[in-house]
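Colleague: Just a sequence and a predicted model for now, questions to come.
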Amino acid sequence: MRFLVLDWQRELDRARAALAAFVRAPAERLAFVPGATTGVAIALHSAAPSLAAGDELLTTDHAYRACRNQLERLAAARGLRITTVALPEPFDAEALLARTRAAITPRTRLALLDHITSPTALRLPLEAMLAPLAARGATVVVDGAHAPGQLDLDVGALLARGVTYYAGNNHKWLCAPKGSGFLVAAPGAPALPVVTSHGGSPAYGPPNRLHAELDWPGTHDPAPYLATPAAIAAVAAEGGGWPAVLARNHALALELRARFVSALGGAPSGARPLPPDTAIGTMAAIPITLPPGTEPLRLEEQLLAEGWEVPIVGFFTGPLVRLSAHLYNHAAEAEALARKLAALGVALR
């Protein structure tokens, strides 16, 4: 109780300041949340009162399923229409921008965009996508779950370009404990918790009302939040500083992809080109075919049971294997994984 009453807010504010400096966001507008999915939920909950029946919501067909579910629930509750922009295949940033501009109408009031898509590991041209949405005054919610530690992230610059809410995770590429994410709300944007707790009382909590409302939504263990600065520092120390970490992991992701494709016999005749290097952060998704009757999740579970940790993504365009590069990975793992998958009947698509 001594810690919770006397030390907790000070230590949380200290951790917040370190994280805000790392992602270049205003600390006074940043709150820790258990994960990006919760952050997106808070953002949509906060934006909901400004939406009316007939308004349009914009997203892409590569949106994270959990966040897409939230968007669909919001649309059903308020009589809204969802416009889904199909990402071009093969991926082309300029074509995506053209499709996005064409999908925006006078009724477009909110957009949910990924910074890096989860199933397909694509870095979207977020900065360029913001301009036509900002011109309409649309609320923009960014699911940045994979961006911290994959990209040289500048949330403050994105807020200046028109992002209203930015949600990210600390437990992925920053290597903080599970249950540590964040939400940044632009100045003036409402940030209403999905769980109203003591901070809903004006006299309770710190003077910063965003922090008072979001810092303590109920009893929870704050350790993952408080450990985030140590995680950021540890990865930097291990990798020679974050610029070196980002450069090394990006190069490794490209090498892993190239080696994996080569070890499985190269891209089959007629296969669509893989995304350009500029669309890759520190992970890459590769189309594959599975043996008849094999479900992606079942294959992933089998691999985990046998000591192989790699996502086998069941995507609507076909199954994918998603390769990730961090400081504990090395290039030869690509060939080893390819041999393992080939032995299980997996091939390139």
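Modeller: Thanks, I have it.
Colleague: Residue for residue, what is the longest helix the chain has?
Modeller: Of all the segments of type helix in the chain, defined by DSSP state H, the longest one is helix 242-263.
Colleague: what's the span of stretch 49-66, first residue to last?
Modeller: End-to-end distance of stretch 49-66: 21 Å, with C-alpha to C-alpha, to the nearest Å as the criterion.
Colleague: ok now do the residue lying closest to Val195 once chain neighbours are set aside, which residues does it touch?
Modeller: For Val195, ignoring the flanking residues on the chain, the nearest one in space by C-beta to C-beta, 6 or more residues apart in numbering is Pro217 at 4.2 Å. Heads up, the C-betas are built off the backbone N, CA and C, glycines and all. Contacts for Pro217 were tallied using C-beta atoms under 8 Å, 6 or more residues apart in numbering; they are Pro193, Val194, Val195, Ser197, Gly199.
Colleague: List only those of those residues flagged as buried.
Modeller: The neighbour-count criterion (16 or more other C-beta atoms under 10 Å) marks Pro193, Ser197, Gly199 among the contacts of Pro217 as buried.
Colleague: Please, where are all the strands along the stretch 101-250 of the chain?
Modeller: For the stretch 101-250 of the chain, strands defined by DSSP state E, counting those that start in this stretch occupy the ranges 108-114, 139-144, 165-169, 181-185.
Colleague: tell me what the third one is packed against?
Modeller: Applying 3 or more C-beta pairs under 8 Å, 6 or more residues apart in numbering; DSSP states H and E, we find strand 165-169 packed against helix 36-47, strand 139-144, helix 155-161, strand 181-185.
Colleague: and the ones you listed as JSON lines, adding mean pLDDT, mean neighbour count and distance to Ala230?
Modeller: Listed next are the helices and strands packed on strand 165-169 as JSON lines, based on pLDDT from 0 to 100; neighbours: other C-beta atoms under 10 Å; distance: least, C-beta to C-beta, whole Å:
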{"stretch": "helix 36-47", "mean pLDDT": "98", "mean neighbour count": "24", "distance to Ala230": "21"}
{"stretch": "strand 139-144", "mean pLDDT": "98", "mean neighbour count": "28", "distance to Ala230": "21"}
{"stretch": "helix 155-161", "mean pLDDT": "98", "mean neighbour count": "19", "distance to Ala230": "21"}
{"stretch": "strand 181-185", "mean pLDDT": "98", "mean neighbour count": "28", "distance to Ala230": "16"}
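Colleague: any chance of the ones you listed in a markdown table, plus distance to Leu348?
Modeller: Rendered in a markdown table, the data for the helices and strands packed on strand 165-169 read as follows (distance: least, C-beta to C-beta, whole Å):
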| stretch | distance to Leu348 |
| --- | --- |
| helix 36-47 | 31 |
| strand 139-144 | 29 |
| helix 155-161 | 35 |
| strand 181-185 | 34 |
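Colleague: Which stretch among those approaches Glu89 most closely?
Modeller: Using C-beta to C-beta as the measure, strand 139-144 is the one of the helices and strands packed on strand 165-169 that comes nearest Glu89, at 20.8 Å.
Colleague: Within the sheet, what are the partner strands of the closest one, with directions?
Modeller: Note on strand 139-144: by DSSP bridges, its sheet partners are strand 108-114 (parallel), strand 165-169 (parallel).
Colleague: Sticking with Leu87, tell me its helix or strand.
Modeller: Of the helices and strands defined by DSSP states H and E, none includes Leu87.
Colleague: Could you shift the numbering so residue one becomes 30, and keep it that way?
Modeller: Yes, from this point I'll number from 30; that puts the last item at Leu116.
Colleague: thinking it is in contact with Asp90, fair?
Modeller: Yes: under the criterion of C-beta atoms under 8 Å, Leu116 is in contact with Asp90, at a separation of 6.2 Å.
Colleague: what about those two, which has more around it?
Modeller: More neighbours surround Leu116 than the other of Leu116 and Asp90, with 22 against 14 (other C-beta atoms under 10 Å).
Colleague: so what's that one closest to, chain neighbours aside?
Modeller: The spatially closest residue to Leu116, leaving aside those adjacent along the chain, is His91, at 5.3 Å (C-beta to C-beta, 6+ apart).
Colleague: Tell me how many other residues surround Ala174.
Modeller: When neighbours are defined as other C-beta under 10 Å, Ala174 has 27 of them.
Colleague: quick one, what contacts it?
Modeller: The neighbourhood of Ala174, defined by C-beta under 8 Å, 6+ apart, consists of Gly64, Ala65, Thr66, Tyr93, Ile145, Ser147, Ala196, Gly197, Asn198, Lys201, Gly210.
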